[in-house]
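**Student:** Based on what follows, work out the 3D shape:
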Amino acid sequence: MKFRPCIDIHNGKVKQIIGGSLRDEGDQAVTNFSSELDAAWYAKLYRRDGLQGGHIILLNSRDSEYFEATRNQALEALSAYPGGMHIGGGITAENAAGYLDAGASHVIVTSYVFQNGQFRRENLERLTSAVGKEHVVLDLSCRKKGDSYYIVTNRWQTFTDVCLTREVLSDLSGYCDEFLIHSVDVEGKSSGIELELVRMLGQWNQIPVTYAGGIGSLEDLEVFREVSQGEMDFTIGSALDLFGGNIPYEMIAKL
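**Tutor:** Okay, here's the model as predicted:
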């Protein structure tokens, strides 16, 4: 179990938002924290501390007036920490190699693979053919509907028809190197982890999984360790003092 850092970029600035609030229309989001520091500053910090495999997420759609500013921030972060971070946001088979050439170790993909609420295996195969599964991270971020968790896409607003189960994880693991899974309903709220989801993911344990969502205190982190049996990595965003929260980054960076 180790800490994976993050750099979320929205409207050209490093931010921490409430995940479920993101809207393409008007480039709106409920913001917990907006940094005066650029993305490269954070990448250099993570490089200094030897934190590998964190994620850079472009939160604006390609149609947004802010997309180029957001993308430029991401590219500067990749340049500051070549080979040290993953990148996601609008990744396709056509542009993935460009981000790897720019310094990303992996590309993170969701919407390209889960389009209009449906799983497009052919797109996943196209992506892995383009860059190799060893460079692919599947973002299987999910929300609860009824008694089950369903993968969501399009800024986490659209439910797909794919229920997140151990069988689905095993199937998709053949196409990627890792999974990144945000529990969207608690993302950005520092209100505690999604226990049922963490328990299921911790018991699966076939390829690396990074969990994000709800870790708001050191006590929450200890619960995460216990429930996941130490089998997953984790991300903390809004709750870190780095982003205006109370959890000391310097302590987490040394775990």
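
**Student:** which stretches of this protein form helices?
**Tutor:** Applying DSSP state H to the chain gives helices spanning 39-48, 67-80, 96-101, 121-131, 166-172, 195-204, 218-228, 249-253.

**Student:** now these as CSV including mean neighbour count?
**Tutor:** From N, CA and C alone the C-beta is placed, and that goes for glycine too. Formatted as CSV, the helices of the chain follow (neighbours: other CB atoms under 10 Å):
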stretch, mean neighbour count
helix 39-48, 19
helix 67-80, 20
helix 96-101, 18
helix 121-131, 16
helix 166-172, 14
helix 195-204, 18
helix 218-228, 17
helix 249-253, 15
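
**Student:** I'd like to know which of those is closest to residue 142.
**Tutor:** Evaluated over those, closeness to residue 142 peaks at helix 195-204, with 7.1 Å, by CB to CB.

**Student:** Look up how far residue 124 lies from the nearest residue to residue 94 once chain neighbours are set aside.
**Tutor:** Nearest residue to residue 94 in three dimensions, chain neighbours excluded: residue 130, at 7.8 Å (CB to CB, 6 or more residues apart in numbering). Between residue 130 and residue 124 the computed distance is 11 Å (CB to CB, to the nearest Å).

**Student:** Residue 146: how many residues sit nearby?
**Tutor:** 7 (other CB atoms under 10 Å).

**Student:** who's in contact with the residue nearest to residue 158 when sequence neighbours are not counted?
**Tutor:** Take residue 158 and drop its neighbours on the chain: the residue closest to it by CB to CB, 6+ apart is residue 117, 5.7 Å away. By CB atoms under 8 Å, 6 or more residues apart in numbering, the contact set of residue 117 is 153, 158, 159, 160, 161.

**Student:** can you redo those residues as JSON lines with pLDDT?
**Tutor:** What follows is the contacts of residue 117, written out as JSON lines (pLDDT from 0 to 100):
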{"residue": "153", "pLDDT": "89"}
{"residue": "158", "pLDDT": "89"}
{"residue": "159", "pLDDT": "93"}
{"residue": "160", "pLDDT": "95"}
{"residue": "161", "pLDDT": "93"}
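
**Student:** which ones are touching the nearest residue to residue 52 once chain neighbours are set aside?
**Tutor:** Spatial nearest neighbour of residue 52, excluding adjacent residues (CB to CB, 6+ apart): residue 84 at 5.3 Å. Residue 84 makes contact with 43, 46, 47, 51, 52, 53, 54, 103, 105, according to CB under 8 Å, 6+ apart.

**Student:** Go through these and name the one nearest residue 91.
**Tutor:** Nearest member of the contacts of residue 84 to residue 91, counting by CB to CB, is residue 105, at 13.5 Å.

**Student:** neighbours around the closest residue to that closest one other than its chain neighbours, how many?
**Tutor:** Excluding the flanking residues, the one nearest residue 105 by CB to CB, 6+ apart is residue 83, at 5.1 Å. The number of residues packed near residue 83 is 11, by other CB under 10 Å.

**Student:** Residue 83 is in contact with residue 103, isn't it?
**Tutor:** Yes: Residue 83 is within contact range of residue 103, at 6.5 Å (criterion: CB atoms under 8 Å).
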